[in-house]
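>>> Take this sequence and fold it.
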Amino acid sequence: MRVPLTDFMAFYNFARRLRTLGGLTPYEYICKVWTSEPDKLILNAIH
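Numbers count the residues shown, from 1 in each chain. Here you go, the predicted model:
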């Protein structure tokens, strides 16, 4: 049985803990960086 891409992406971003991110999920890591260093996640359209 094939898993739809959206299911895989949801699992990867919200459930899979990655060693490279210190054991956090990608979503948890983004939330952590956003709260500690919000300027890093501001998109500069001119850049």
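>>> Can you tell me the centre-most residue of this protein?
The centroid of the chain falls nearest to Pro26 when counting by C-alpha atoms, centre = their mean (2.8 Å).
>>> show me what contacts the closest residue to it other than its chain neighbours?
Spatially, and ignoring its direct neighbours in sequence, Pro26 is nearest to Asn13 (4.9 Å; C-beta to C-beta, 6 or more residues apart in numbering). In short, each C-beta sits where N, CA and C put it, glycine included. Asn13 makes contact with Thr25, Pro26, Tyr27, according to C-beta atoms under 8 Å, 6 or more residues apart in numbering.
>>> The nearest residue to Trp34 once chain neighbours are set aside and Tyr29, how far apart?
Nearest residue to Trp34, sequence neighbours excluded (C-beta to C-beta, 6+ apart): Leu41, at 5.4 Å. Distance, Leu41 to Tyr29, by C-beta to C-beta, to the nearest Å: 11 Å.
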